[in-house]
Each structure stands twice: as structure tokens, then as C-alpha cells.
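Trainee: My questions concern the predicted model and sequence given below.
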Amino acid sequence: MQKKLYIKTYGCQMNEYDSDKMADVMRACEDMTQVETPENADVILFNTCSIREKSEGKVFSDLGRAREIKKLNPNLLIGVGGCVGSQEGEAILKRAPYVDFVFGPQTLHRLPALMAARLATGKSQVDISFPEIEKFDHLPATPTAHGSAFVSIIEGCSKYCTFCVVPYTRGEELSRPVADIIREVESLTAQGVSEITLLGQNVNAYQGLAEDGEVVDFAYLLQVVSALPKVQRLRFSTSHPREMTQRLIDLYVSEPKLAGHLHLPVQSGSDRILAAMKRGYTVLEYKSIVRKLRVARPDISITSDFIVGFPGETEADFEATMKLIDDVRFDASFSFLFSPRPGTPAAEMQDDTSNEIKMARLHRLQERIAALGQQVSDSMAGTVQRVLVENISRKSEAELAGRTENNRVVNFAGSPGMLGRYVDVRIMSGTLHTLRGELVIE
């Protein structure tokens, strides 16, 4: 009987990508089928995130529930992967000895071997090593649907921002060769994919080997991928302001396939806080990048990340962040209270601001960006947008859901035969997060 796999994913798009690869590995090597609930699974995998304390706490809460399932099914195997796996390693087994194996983002391709070793020895297994680019050489091709797919091009991060654990859990920046990336993209487009999102912790730090042995930058890679005839739209995430070169900005003029949406995390609008975060740029430098991007692509959508309540943040620092938000007019953001992560420099910094003040600041920031986002949605009413149809709408099975070039979801009436295709949709109205439209019949 075919065995069943349940995967729960926490955190970023890189983790979503890794979870898909875990499912591919288990399907190819173990003939497992993926299920939506853990109760009937033969293997449960938690693909974890350690960026924020709440995410880590939720992992151990979910592990407690998995333990109860294992009591009813002693043959159940439980694995913990991702960044918490990489950061905690053997400590997970001490806290949750019923876990069968622990692995990191760079060793997910070794899942079958870890499972086999656990069954053969009766002992829990841990592999949180950093075997460079080996992972990609052992991952099967990803079956996909409905037109879009992610392709990881660079692993890890070498920036060492004072608040972030990624360099410690995923290792330093390591780029895949250009030829490997092109092969994966061509495999996806052969299956009907037309929109590619290139992924990395700092995707625009890419420094990969071309076929002639030369090291090439991210702008070069974007040009090569854009040149593939079956690629109709190209996105990338996540970017670091320090790596936004003029060559990259110029592509927003010369490459029409490059989507007019950029997620460019700023974290704070205070130079003092940015220096304490070790971000490596000033507010003026960030605003200069945005100005150049809007010259290159006037209607580009800019979204960002913010950390509120970083140690030492004063009212003046926060007001500087609010001023930056009004100056740039971000379309949307991911914003969170600072969460001290063990082992990072920021965890040792003095912090005397009350949680009540931090929460009030976060609420104010989110309200302002929501208002700006609503203005963008309102401005799109009456326009015709080229939309990639991705799914049946969550609101109604009689409707479809697609994504606009500026990364907004739009719901409209249409037939399932349109899935995976580009269609023109006239936007009728919009809320902060979704738009409503009607199909333009030619």
C-alpha cells in the first residue's frame, strides 16, 4: 500500500520551495503520496523557520500534537527540517526524543537515507551539515501546474545582519551554476510553466559560474532566463538593497518579461537603527535606489519588510520610519515586532522600550501601509491587467484567481480551462489584498 506523507511548512518562500522538493524526493525515492492532514500519515515532516520566536514555539507545540498521533501509530516517523532543525540539531532530540530524524535546508535530499538509517539502527538521526550545492544534484524534477513555479538560484546569506539567524542556519551565500538553473527552468517550461520566480535569501547577490567558467552576476542570469522563449514573466525574491546594482535596475527598461514588482526589504527608516542592524546602507541610499527604479519602470510596485521595536529604537527613530513610508509609498509590507534570536548580536543588545509602545508603533505602521495599499488597489479600477490564471478562486468554484504583474490577486468569472494561461482582466474594484475583475472578451 502506498505510504502517506504530511508536510507542514513555516516561514518564507524558500521554505515553501524546500517543502515542494521534500515531497518530490519522497515521491521519487519512497513512492509516497502527500496528504493534507497528519492523522493518517506514515511520515510527518516539519519544515521550520527560526526567524521569529513565535514560529519556533509553534514547531514544538505541533510536535506535541504529533507525539499523540505517534502513540496511536508507533510506526509513524517524525522529522524536523529547516532552520530550527539546523540551529538546534541534537537539542531537538533532547527536548522531543520521539522525533526520528533532524535535517537542515542543505540536507533535505538525504531524507530517504536518514529514514533508512533510523529504521535500521533504531536510533534517531541528525544531519545538519552544509554540503554546498550537492542538494540540487540529487533533487528530482518538480511536477507543477497552473503556470508558475519557483527556482532556487542561491543558498544562504553572507550579510550577517545583527538580528538574523539565516547565515547560521542556511550557511553563507552559494550560487548555483547558470547551466543548472537553465536546465531546471527549461524542464518547468516543458511542463507548461510560463512564469518563473527566482529565489534566494539575497537573490540579487547571485555570483554563479557561466558555461565558459566566468563568474556572472544576477543581471546576467536574468537576461539569460528572460531570453528563453517559453518564459513569459519573470520575478525574483528576496532582494537586498546593497546588491541593487545599476545593471539590475536597467533591466526594468530593457526586459519587458521582468515583472513590475520588487520586494526590497528596508527594515527601518532610521540611519541609526540601520547601522545597529548592520544593513550596510542609509535611508538616502535606499530612497535613491527606489527613485532610479521608478525612472526605469514608472509603475513598479515596491513592497518591503519592517522590524518594529529593534533594541534602542526611539520615538524619533520610529518617526523616521513613518516618514520613509510616506516618501516611498510602499504598496504592501511584512512587518513584525523585533524577536531576539539566540546567537545573534541583537539578542545581547539593551532594550528598554515597553512592549505596549512597540505594539502601538507596529499597529500605526501597518495601518499606514494598508491605507497606501488600498490607494493602489483603487487606482487600478478601470484598468486592464494581464493576469496569469493560477487557481480556482477560494471564494467561489465558479470563479478563477489570477495574479497581476504587480503581484495582486484578482478574482473573476471564468472557466477551469483557463488555468495556467494569461488572460486580460478589467479591474472593477479592489480591497487591500484582492481585486475583483471581469474577463475581457476579444
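Mentor: Received, thanks. Residues are numbered from 1 along each chain as shown.
Trainee: From here on, just use CA atoms for contacts and neighbour counts.
Mentor: OK.
Trainee: In stretch 105-118, which residues are buried?
Mentor: Applying a neighbour-count criterion of 16 or more other Cα atoms under 10 Å, one finds 105-111, 114-115, 117-118 buried in stretch 105-118.
Trainee: Name the SS class of Asn411, please.
Mentor: Three-state assignment for Asn411 (DSSP: H, G, I helix; E, B strand; the rest coil): strand.
Trainee: so how far does stretch 78-95 reach from one end to the other?
Mentor: Using Cα to Cα, to the nearest Å, the end-to-end distance of stretch 78-95 comes to 14 Å.
Trainee: and what of stretch 189-199?
Mentor: Stretch 189-199 end-to-end distance (Cα to Cα) = 17 Å.
Trainee: After the helix or strand bottoming out on mean pLDDT in the chain, which helix or strand is next? Please name it.
Mentor: Counting by mean pLDDT, DSSP states H and E, the chain has its least confident helix or strand at helix 134-137, which shows a mean of 58. Taking DSSP states H and E as the definition, the helix or strand that follows helix 134-137 towards the C-terminus is strand 148-152.
Trainee: Give me the distance from that next one to the chain's centre.
Mentor: 11 Å (Cα atoms, centre = their mean, to the nearest Å).
Trainee: repeat for stretch 72-84
Mentor: With Cα atoms, centre = their mean as the basis, the distance from the averaged C-alpha position of stretch 72-84 to the chain average is 23 Å.
Trainee: which residues of the stretch 301-442 of the chain score low on pLDDT?
Mentor: Of all residues in the stretch 301-442 of the chain, those with pLDDT under 70 make up the ranges 442.
Trainee: Please, where are all the strands along it?
Mentor: Counting by DSSP state E, counting those that start in this stretch, residue ranges of the strands within the stretch 301-442 of the chain are 301-308, 332-337, 384-392, 399-403, 409-413, 422-430, 434-439.
Trainee: Quickly run through the sheet partners of the second one, with directions.
Mentor: For strand 332-337, sheet partners with direction are given as strand 301-308 (parallel), following DSSP bridges.
Trainee: Ok, the fourth one next?
Mentor: For strand 399-403, sheet partners with direction are given as strand 384-392 (antiparallel), strand 409-413 (antiparallel), following DSSP bridges.
Trainee: mind listing what Val409 touches?
Mentor: Contacts here follow Cα atoms under 8 Å, 6 or more residues apart in numbering; on that basis Val409 touches 401-403, 433-435.
Trainee: just curious, which of these is nearest to Gly200?
Mentor: Sorting the contacts of Val409 by distance to Gly200 puts Arg403 at the head of the list, at 21.2 Å, by Cα to Cα.
Trainee: Distance from the chain centre to the helix ranked longest in the chain, please.
Mentor: Using DSSP state H, we find that the single longest helix of the chain is helix 355-380. In this view, helix 355-380 has its centroid 22 Å away from the chain centroid, taken as Cα atoms, centre = their mean.
Trainee: residues of whichever strand or helix holds Val216 that come out buried?
Mentor: Secondary-structure assignment from DSSP H and E places Val216 in strand 215-217. By neighbour count, and taking 16+ other Cα under 10 Å as the criterion, the buried residues in strand 215-217 are Asp217.
Trainee: residues of whichever helix or strand comes after it that come out buried?
Mentor: On the C-terminal side of strand 215-217, the closest following helix or strand by DSSP H and E is helix 218-226. Taking 16+ other Cα under 10 Å as the neighbour-count basis, helix 218-226 is seen to contain the buried residues 218-223, 225-226.
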